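Undergrad: Fold the following, please.
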Amino acid sequence: MTAAQLVSLEGVSVSFRVGWKRRVAAVNEVSVELRKGEIFGLIGESGSGKSTLARALVGLVPISAGRVSWADGRTVTPEARSRTTATQTRSQMVFQDPHSALDPRRTILQSVREPLDVQGGVPHAERSARALEKLELVGLTAEQGRRYPHQLSGGQKQRANIARALVTDPELLICDESVAALDVALQAEILNLIQDLRDRLGVTVLFISHDLSVVAHIATRIGVMYLGEVVEVGTAAELAARPLHPYTEALLSAQPMPVPSWAQPRDRIVLSGDIPSPISPPSGCRFHTRCQYAVEGCSIVHPERDSRDGDRSVACIRADELVLSGVPVTILRPRIEEVR
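TA: Next up is the predicted model:
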């Protein structure tokens, strides 16, 4: 690992037992690094394995192959017996639904303090003070901390969830569709809050979403995930202006554009069928069954993700010969930036 890396995933796979004899690989040999202080966006369709990868990072599900290496030298492998202990203090997660993520029987302050109560190591007298400090950091008052979840709005509940994730001072904050249940104005508030927290605390953020405009607004780099594999990585501007993988091009084409009807793309890409089942994934490139550029070799050769100029990498055997259509990144961002 380099000095700039916080955590490195090397060939990480996550599989689950299906029946007596079969296993389904929800994540298949993912290799990617998260750098200190960056916001890394992860996008893809539902069922692509984004949330499973995030849960593996925080130790909620065990990895079945590969290695997760942290900057302090600790590693998580399939053989490790202390996955949760090794990861719970350095990574925390903010879930999609702000309502169900909070215990309705606890006050907001009690919920925010709960990770300190569970982990220990902090004197009891200091736990409430630290929880109040994190509530203030995310824009909530001590009076709101005495309320119960049903007495707060959706945006306030998500702020409370962020405060709870930050109360243990993690190095990695994972936001799993954390703004999907909010309206656009509240999305902007939460996204701006996450950026401010990154700047103030230096925390690394893994931001998961299916909304490309949201990820383009907040992320330093973006990874595109399809059927358990990361097929392309690059900056938001690079991926939007010149996608290298056909799946990235399809995601850009499907993204609603805040432009007049006459300026809308006339040749939108419509992917045929649903994402294949991970129980029996296609041979070769997993995207070839829905790819309009697929050739015979795509069903035979499983492409490895190759590095390109700068931070770019792509897993496509035709990446060097295809010229794919993109959009200016400025078109993706106004929906959020207008309500800053």
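Undergrad: what's the helix or strand for residue 12?
TA: strand 5-18 (DSSP states H and E).
Undergrad: Which residues does that strand contact?
TA: 1, 23-36, 49, 52-53, 56-57, 61-71, 91, 171-172, 204, 279 (CB atoms under 8 Å, 6 or more residues apart in numbering). C-beta here means a position set from N, CA and C on the backbone, and glycine is covered the same way.
Undergrad: what is the mean pLDDT for stretch 237-250?
TA: Stretch 237-250 shows a mean pLDDT of 91.
Undergrad: try stretch 51-59
TA: Per-residue pLDDT over stretch 51-59 has a mean of 91.
Undergrad: ok, now which residue in this protein is the farthest from the centroid?
TA: Of all residues in the chain, residue 125 has its C-alpha farthest from the mean position, at 34.8 Å, by CA atoms, centre = their mean.
Undergrad: what's the spacing between the helix or strand it falls within and its chain's center?
TA: Residue 125 is located in helix 124-137, with elements delineated by DSSP H and E. With CA atoms, centre = their mean, to the nearest Å as the basis, helix 124-137 stands 27 Å off its chain's centre.
Undergrad: name the helices or strands packed onto that helix?
TA: helix 108-119, helix 142-145, helix 154-166 (3 or more CB pairs under 8 Å, 6 or more residues apart in numbering; DSSP states H and E).
Undergrad: what's downstream of the longest one, the next helix or strand?
TA: Downstream of helix 154-166, the next assigned helix or strand under DSSP H and E is strand 172-176.
Undergrad: what's the spacing between the residue farthest from the centre of the chain and residue 295?
TA: Applying CB to CB, to the nearest Å, the value for residue 125 to residue 295 is 67 Å.
Undergrad: do residue 318 as well
TA: 7 Å.
Undergrad: what do those two both touch?
TA: With CB under 8 Å, 6+ apart, residue 318 and residue 295 have no common neighbours.
Undergrad: in stretch 155-172, what counts as buried?
TA: Within stretch 155-172, the residues scored as buried using 16 or more other CB atoms under 10 Å are 155-168, 170-172.
Undergrad: give the contact list for residue 134.
TA: 112, 163, 164, 166, 167.
Undergrad: Out of the residues you listed, name the two that are farthest from one another.
TA: The most widely separated members of these, counting by CB to CB, are 112 and 166 (8.9 Å).
Undergrad: Break the chain down into its domains, please.
TA: For the chain, automatic domain parsing gives the domain ranges 101-169, 244-326.
Undergrad: Those domains into TSV, with extra columns for distance to residue 186?
TA: Output for the domains of the chain, formatted as TSV (distance: least, CB to CB, whole Å):
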stretch	distance to residue 186
domain 101-169	4
domain 244-326	18
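Undergrad: Check the ones you listed for me and report the most buried one.
TA: Most buried of the domains of the chain, by mean neighbour count (mean count of other CB atoms under 10 Å): domain 101-169, with a mean of 18.
Undergrad: Straight-line length of that one, end to end?
TA: 19 Å (CA to CA, to the nearest Å).
Undergrad: Give me the distance between that domain and the centre of its chain.
TA: For domain 101-169, the distance to the chain centre is 23 Å (CA atoms, centre = their mean).
Undergrad: which helix is the longest one in the chain?
TA: Determined from DSSP state H, the single longest helix within the chain is helix 184-201.
Undergrad: tell me the mean pLDDT over that one?
TA: Per-residue scores along helix 184-201 average to 89.
Undergrad: Could you give me the buried positions within it?
TA: So for helix 184-201, counting by 16+ other CB under 10 Å, buried means 186, 187, 188, 189, 190, 191, 192, 193, 194, 197, 198.
Undergrad: Need these in TSV (columns: distance to residue 223).
TA: Shown next, in TSV, are the buried residues of helix 184-201 (distance: CB to CB, whole Å):
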residue	distance to residue 223
186	25
187	21
188	23
189	25
190	21
191	18
192	22
193	23
194	17
197	21
198	17
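Undergrad: and of those, the nearest to residue 243?
TA: The nearest one, if we look at the buried residues of helix 184-201 relative to residue 243 and count by CB to CB, is residue 191, at 22.9 Å.
Undergrad: The closest one: what's it in contact with?
TA: Residue 191 neighbours (CB under 8 Å, 6+ apart): 179, 214, 217, 218, 336.
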